[in-house]
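Student: Show me how the following folds:
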Amino acid sequence: MRKQLSPLALCSLFFVFFLAESCSKITKNEAYYLAISKYVYAYTSGAVGRTDAIRVRFVNPAVGSDQVGQKVAGNLFSVSPAIPGDAVWEDDRTILLQPTEPLPYGEKYTGTVALGKLFSGVPKEAKVFEFEFSVRELSFEVVAFGLRTQDASNLRVQQLTGHILTSDPVENTSVEKMLQAKQGNKTLSIGWVHKENNTIHEFYVNDVERGNVRSSVQLSWSGEPIGLDKQGNLEQMVPALDEFVVLSAVVSQKESQHVVLNFSDPILPTQDLNGLIRLDAYDGTLNFAIDGNFVRAYLSSRVIGEKNLRVEAGIKNVAGATMKERSDWPLAFEDLKPAVRLVGRGAVIPQ
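Tutor: Residues are numbered from 1 along each chain as shown. Predicted coordinates for the structure are as follows:
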C-alpha cells in the first residue's frame, strides 16, 4: 500500500530542503573576504568586453608545471551561465577562460572556484570562492575635433575631423553607415580610418567650403546600424575667410595633460607662442606643438580644478596675418584616473 505524507510531514520536508539550500549559499562578509585573500590574488570582475578573457590568479602555485596549458577540471572551476570555450592553466597559478565566441551584451555571470580542492587546509568559509562579472552593454560616443585646412595655400577648402569610439569592436562597414554630414543642402563625403581593434573610428568630413560669410556643417548620427537606439547631432561653425579666430579649446586629461586649441587658420609654425597662450594662476610652463590648425599646449605640471585659458591677439597664421581679438576659455582639469585597480574585492586582472 502506498504511503501518503501528512501536511505536517510535507512542511517538515520543505523546511529541511530550505535549510539545506540556505546553508549552501555563500555569506560574503568580512571573514569570507579575509579568508579568500590568502588564496586569491586577483580576478576578473565588473564589466568586461564580449571577447575579454576571464582570469583567476592565485597567491601561490595551484598546480605543477606539467599542468600548464592543460584544461582545468570541471569540479575545480565553472562559470554560470556557461561560456563557450575551455578553461586552462595559463601558468601554475592562473586559470584562463578565453571565450571562443562573443558573449551576449548585458549578460551577468558567476564564477566558482573550489579552493578547498586546490589547496590544503582551506577554512570552511573559503572552500568555495564566488565572483561576479558582466558583459558591458555596447555604447558609442561621437567626438568632433574641429576644422583643419587641407592645403595651406587654399583656405577655402576645409576638413572636419573627429572619431567615433565604441565600447567593443564593431564592423567597420556598420560604423560608416552611422554618420552623415551636410553643409547647407550639400551632402559631404566622409573618409574613415579604423584603429584599436575596431573600437576607434576616425572620420574626415571632406570638402567643407569656407566662404565670404559664416556657415556651418551639420553632423548627425544614428546607432541603428550597430543595433542601438541612439541618435545625436552637432553643428560645427565654419568661419568666413576673413575671420581668424579660436574655434575651440579642449582639455586632454591623459598622463601628458594638455589643451588642444583649434584655430580657423593654420598657425605659423615658427612663431613663439609663450605669453600669447597662457593659463591664469598657473606657476608651471606651457610647451607648444603646432600642427596646422591645431595647437597643443602641454602643462609642465598637472592641474586639478577650473582654470581660465587666455589666447591673446597677435598670433599669426601661415600667411603672416595676425589674430585681432583675444579670447578666454574656462576649462576644467581633472586628476589622472587609474586605468586598472588590482587586488581587493572585484579586482580586475590586466590583459
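
Student: Report the mean confidence score over the strand or helix carrying residue 146.
Tutor: Using DSSP states H and E, residue 146 sits within strand 140-151. For strand 140-151, mean pLDDT rounds to 96.

Student: quick one: contacts of the next helix or strand after that strand?
Tutor: Sequence order places strand 154-166 as the next helix or strand after strand 140-151, per DSSP H and E. By Cβ atoms under 8 Å, 6 or more residues apart in numbering, the residues outside strand 154-166 that reach it are 138-151, 175, 178-179, 181, 198-211, 217, 219, 221, 226, 236, 238, 241, 265. Any C-beta I mention is one placed from the backbone N, CA and C, and that applies to glycine too.

Student: same deal with stretch 95-106?
Tutor: Residues outside stretch 95-106 that contact it (Cβ under 8 Å, 6+ apart): 50-57, 72, 77, 79, 83-90, 113, 134-138.

Student: quick one, strands of the stretch 101-250 of the chain?
Tutor: 108-114, 128-135, 140-151, 154-166, 179-183, 186-187, 190-195, 200-209, 215-222, 231-238, 246-252 (DSSP state E, counting those that start in this stretch).

Student: what does the first one contact?
Tutor: The one in question is strand 108-114. 40, 43-44, 54, 56, 75-81, 83, 95, 127-135.

Student: Among these, the buried ones, what's the ChimeraX command?
Tutor: In ChimeraX syntax, the buried subset of the contacts of strand 108-114 is picked out as below (16 or more other Cβ atoms under 10 Å):
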select :40,43,44,54,56,76,77,78,79,83,95,127,128,129,131,133,135
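
Student: Residue 328 contacts residue 310, doesn't it?
Tutor: Yes. If you go by Cβ atoms under 8 Å, residue 328 and residue 310 touch, sitting 5.4 Å apart.

Student: Tell me where the model's unsure across the stretch 1-150 of the chain.
Tutor: Applying pLDDT under 70 to the stretch 1-150 of the chain flags residues 1-25.

Student: give me that answer again for 80
Tutor: 1-26 (pLDDT under 80).

Student: And the stretch 251-351 of the chain, by the same measure?
Tutor: The stretch 251-351 of the chain contains residues with pLDDT under 80 at 336-351.

Student: do you know which of the strands of the stretch 101-250 of the chain lies nearest residue 321?
Tutor: strand 154-166 (10.3 Å; Cβ to Cβ).

Student: Sheet partners, orientation included, of the closest one?
Tutor: In the sheet, strand 154-166 lines up against strand 140-151 (antiparallel), strand 200-209 (antiparallel) (DSSP bridges).

Student: how about it: buried residues?
Tutor: Buried residues in strand 154-166 (16+ other Cβ under 10 Å): 155, 158-164, 166.

Student: Quick one: residues in contact with stretch 212-223.
Tutor: Counting by Cβ under 8 Å, 6+ apart, 140, 142, 144, 160, 162, 164, 178-184, 188, 205, 208-209, 229-243 sit against stretch 212-223.

Student: cutoff 6 Å now
Tutor: By Cβ atoms under 6 Å, 6 or more residues apart in numbering, the surrounding residues in contact with stretch 212-223 are 142, 160, 178-183, 208, 230-238, 240-241.
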